[in-house]
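Novice: What would the 3D arrangement of this be:
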Amino acid sequence: MWGILVTLILLCSCTGQIEEQGSSRRATKAQQSAPSPSWLTKSYLLGQFDPPRHPLFDRIPAGLAERPNMYLRREALAALLEMADAAGRDSVRFLVRSATRNFNRQKQIWESKWRGDRLLEGREQAPKVYPRPYDRAKAILRWSSMPGSSRHHWGTDVDFNAFDNAYFEHGSGKRFYSWMLAHASTYGFCQPYTRRDSLRPVGYNEERWHWSYRPVAAICLKAYRDSIGYADFKDFLGYEMADSVRIIDDYVLGVNRGCY
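Specialist: Numbers count the residues shown, from 1 in each chain. You can find the predicted model right below:
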């Protein structure tokens with residue numbers, strides 16, 4: 001009698017484990033086959049849209065933005081407003097210097113540097129100092145993205161207060177950066193371009209002003225890795241260098257692991 005009872009218990013236990021494993025496999029398969037959101041297209045990832053006309057974007061309030069008509073993804077903006085409110089209670093100042101930049105805006109920035117109309121770091125005229133296209137592209141990439149490769153295309157990334165790492169070492173800049181390191185993750189934000197070291201050996205220089213809304217940006221980053229190739233870079237000066245400088249492998253994907 002006891003032998004029969006033990007056998008029945010074991011059978012039930014095994015059946016439960018099999019059902020649980022089967023359920024787990026079905027869930028995993030369902031997750032893997034889940035369709036991408038309808039907005040997550042190649043055009044979106046490459047910044048080929050107009051933020052004011054996009055239904056998922058909202059304007060940043062005037063009191064928080066350096067200038068009018070700056071936009072972010074709705075989710076990112078809601079988190080930013082909550083974070084800025086909390087920072088304000090700690091006497092930390094937020095000013096958005098740059099937010100969403102689409103392909104055309106990034107093209108203007110890139111080509112003005114490529115032609116030498118805009119100096120690199122305020123001192124170098126790129127065509128004269130870097131006549132070889134590869135060297136010129138690498139020099140511009142110290143601080144500026146190629147069109148089609150910027151995280152600012154996604155409406156998730158924001159530049160705050162000052163485009164100068166030294167600003168964040170003293171006074172109000174240091175208070176801002178210390179506060180962000182302590183609290184930004186609570187609101188979903190991460191710093192994509194941390195110090196270049198063994199953990200982040202490639203990509204852009206450190207940017208203490210640049211923060212990213214990870215819940216949406218991580219989705220975009222994975223989709224970018226899976227769907228964008230070097231052949232997608234075109235229609236701007238120097239686009240032929242995209243492969244040579246490894247713009248996807250070293251720059252788009254070369255971010256702080258905390259932003260994945």
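
Novice: domains in this structure, as residue ranges please.
Specialist: Listed by automatic domain parsing, the domain ranges of the chain are 1-34, 37-259.

Novice: nearest residue to the residue positioned nearest the centre of the chain other than its sequence neighbours?
Specialist: Compute the mean C-alpha point of the chain, and by CA atoms, centre = their mean the closest residue is R151, 4.1 Å away. Distances taken as CB to CB, 6 or more residues apart in numbering place D157 nearest to R151, at 4.4 Å, with adjacent residues excluded. Backbone N, C-alpha and C define where each C-beta goes, glycine included.

Novice: and that neighbour, what does it touch?
Specialist: The neighbours of D157, taking CB atoms under 8 Å, 6 or more residues apart in numbering as the test, are 99, 150-151, 192, 210-213, 217.

Novice: redo that, cut-off 7 Å
Specialist: Taking CB atoms under 7 Å, 6 or more residues apart in numbering as the criterion, D157 is in contact with 151, 210, 212, 217.

Novice: residue ranges of the helices in the protein, please?
Specialist: 2-33, 42-45, 74-89, 103-115, 126-129, 133-140, 171-183, 214-227 (DSSP state H).

Novice: Tell me how far the residue nearest to the centre of the chain lies from V255.
Specialist: Per CB to CB, to the nearest Å, R151 is found 8 Å from V255.

Novice: Ok, W179 next?
Specialist: W179 is 21 Å from V255, by CB to CB.

Novice: higher neighbour count, these two?
Specialist: It is V255, of W179 and V255, that has more neighbours when counted by other CB atoms under 10 Å, with 22 against 18.

Novice: Kindly provide the distance from that one to E206.
Specialist: 12 Å.

Novice: Spell out which residues are contacts of both of those two.
Specialist: Contact criterion CB under 7 Å, 6+ apart; residues shared by V255 and E206: Y193.

Novice: Which residues are in contact with each of R151 and V255?
Specialist: P192.

Novice: Please name the nearest non-neighbouring residue to S150.
Specialist: Per CB to CB, 6+ apart, closest to S150 is Q106, 5.2 Å.

Novice: Verify the stated contact: the one you found with W154.
Specialist: No - counting by CB atoms under 7 Å, Q106 stays clear of W154, with 11.9 Å between them.

Novice: re the thing from before, which residues sit in contact with the residue nearest to S150?
Specialist: 47, 145, 147, 150.

Novice: Quick check: the third one vs A218, distance?
Specialist: It stands for P147. 22 Å.

Novice: who's in contact with W179?
Specialist: W179 touches 87, 90, 92, counting by CB under 7 Å, 6+ apart.

Novice: Over to W114?
Specialist: So W114 contacts 126, 136, 140, 237-238 (CB under 7 Å, 6+ apart).

Novice: now, among the residues you listed, which is nearest to Y167?
Specialist: I140 (22.0 Å; CB to CB).

Novice: number of nearby residues for the closest one?
Specialist: I140 has 24 nearby residues by other CB under 10 Å.

Novice: again with R115
Specialist: Going by other CB under 10 Å, the residues that sit close to R115 add up to 13.

Novice: do the same with G47
Specialist: Neighbours of G47 under the rule other CB under 10 Å: 25.

Novice: Name the nearest residue to E66, sequence neighbours excluded.
Specialist: Closest to E66 by CB to CB, 6+ apart is R97, at 5.2 Å.

Novice: swap in L46?
Specialist: Per CB to CB, 6+ apart, closest to L46 is G148, 4.4 Å.
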